[in-house]
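Asks: Could you look at this predicted model? Sequence included:
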Amino acid sequence: MNKPIEIYFQFEQLVEELLIANGFQIQFNNTQTFDFQATRGNDLWGVEVKYYRTERAQLSLIESAAARLANIIDKNNNMKGMLVVACNLSEDLRLVLEKKYGLVFVDRSDLFVWASKKAEIADQLTAILEDRHLPSEFPKGRDIDQSLSLSPVPVGDFPTSMKGTELRNELLTLRRGKTTWRSYEELCERILKYLFSNDLHGWHTQQRTDDGLNRFDYICRIKPTTNFWTFLLDHLNSRYVLFEFKNYTGQIKQGQILTTEKYLMERGLRRVAIIFSRTGAEKNAIKMTQGAMRENGKLILVLDDKKICDMLIMKERGEDPSDLLFEIADDFLLSLPR
């Protein structure tokens, strides 16, 4: 799968450089089952790399990635599995995961230990992970030999979900337009709860009349689970997020953005809206979202089918879909005109 966030590629490339610096030889993997193969001594490794913007481990995502890799490794004789994650794992959690899945888990603290003798790589790692800790504040990591000495026994046959793919296929085959607006809303509700069940709660529906149709929006209370949701809480002072679903055949226009902005209220701690659309927004509509942010501090993000599908596959593969929302919001704010 083509990863939708450029920083994923950068992190994966840096992990590859770290492995080479620590005695591995890298072989490209053409099967698309994991990121790359690596050999060290007489051992052959299947390596999967997962970038997470949030430093704290999200267990459901890590276990999803681990189950997929463990099943693949189990089918490859004489191969060991390594899951490299950009978050921190506690020592107890790491031991439980390694025993359960028969994989070596390499976390953020390990990577900094591995990079300690390579100043240039260590600097790149700090930049990519945006790590602000002092060296003394790092959780204790393991050096390369400690990490590999465990040699857990590969275990396979873990159940894996294809729900992300199923929802993506439903979205791509659903017709656009007024005749299917209710089916689209119901599908978007299921997509939201699949993507962000751990990040949002409340799931309050609000009825409104728009374009002659009785539509339902979702208003959810935000939990500070990942960097994106924490950013909305701490920096935009938005305790709630509004979701709107637009099953239009064409792109969203200025009028729809203006209507959405009216539903955002500073005193109601509701300053963020995320619009699900089929084909995105027109150029003038994007200018309206920029004006809402610049003049009133209201953030309106418009997602199209492609971005929604990217998030669904990210979640299915054990990646964090809110990382994509963070990148979209970050790009939007960085490019905000005067």
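Replies: Sure thing, it's come through. Worth saying up front: this structure is predicted, and the values here are computed from it rather than measured.

Asks: going forward, measure contacts and count neighbours with C-alpha atoms only.
Replies: Noted.

Asks: what's around the closest residue to Thr225 other than its chain neighbours, how many residues?
Replies: Counting by C-alpha to C-alpha, 6 or more residues apart in numbering, Asp199 is the residue found nearest to Thr225 once chain neighbours are left out, at 5.8 Å. If you count neighbours by other C-alpha atoms under 10 Å, Asp199 ends up with 18.

Asks: For Asp199, give me its contacts.
Replies: 222-226, 229 (C-alpha atoms under 8 Å, 6 or more residues apart in numbering).

Asks: any chance you could read off phi and psi for it?
Replies: Asp199 adopts backbone torsions of phi -100, psi -20, taken as degrees, to the nearest 10.

Asks: for the one 5 residues further on, same thing?
Replies: For His204, the backbone dihedrals (degrees, to the nearest 10) come out as phi -90, psi 130.

Asks: Do you have the helices of this structure handy? List them.
Replies: For the chain, the helices defined by DSSP state H cover 6-21, 59-74, 91-101, 108-114, 119-129, 144-149, 163-173, 181-196, 227-235, 254-262, 283-296, 305-316, 321-334.

Asks: Generate TSV for these, with distance to Leu44 as supplementary columns.
Replies: What follows is the helices of the chain, written out as TSV (distance: least, C-alpha to C-alpha, whole Å):
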stretch	distance to Leu44
helix 6-21	13
helix 59-74	11
helix 91-101	17
helix 108-114	19
helix 119-129	24
helix 144-149	12
helix 163-173	30
helix 181-196	34
helix 227-235	35
helix 254-262	54
helix 283-296	50
helix 305-316	26
helix 321-334	31
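
Asks: so which of these comes closest to Ile275?
Replies: Among the helices of the chain, the nearest to Ile275 by C-alpha to C-alpha is helix 254-262 (8.8 Å).

Asks: Going by neighbour count, which residues of that closest one are buried?
Replies: 254, 257, 260-261 (16 or more other C-alpha atoms under 10 Å).

Asks: Any idea how far that helix is from the middle of the chain?
Replies: 28 Å (C-alpha atoms, centre = their mean, to the nearest Å).

Asks: what's in contact with that helix?
Replies: 273, 282, 284-286, 288-289, 292, 298, 300.

Asks: and it, C-alpha only, in CSV?
Replies: Taking Å, rounded to 0.1, in the frame of the first residue of the first chain, the C-alpha atoms of helix 254-262 are listed here in CSV:
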residue,chain,number,x,y,z
GLN,A,254,-18.7,28.4,-0.5
GLY,A,255,-22.3,28.3,0.8
GLN,A,256,-21.9,25.0,2.5
ILE,A,257,-18.7,26.2,4.3
LEU,A,258,-20.5,29.3,5.5
THR,A,259,-23.4,27.2,6.9
THR,A,260,-21.0,24.9,8.7
GLU,A,261,-19.1,27.8,10.2
LYS,A,262,-22.4,29.1,11.8
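
Asks: Just the mean pLDDT for that helix, thanks.
Replies: Taken as a whole, helix 254-262 has an average pLDDT of 92.

Asks: ok, now stretch 329-338?
Replies: 93.

Asks: Run through who's touching it.
Replies: 290, 294, 301.

Asks: Can you give me the buried ones in it?
Replies: By 16+ other C-alpha under 10 Å, the buried positions in stretch 329-338 come out as 329, 332.
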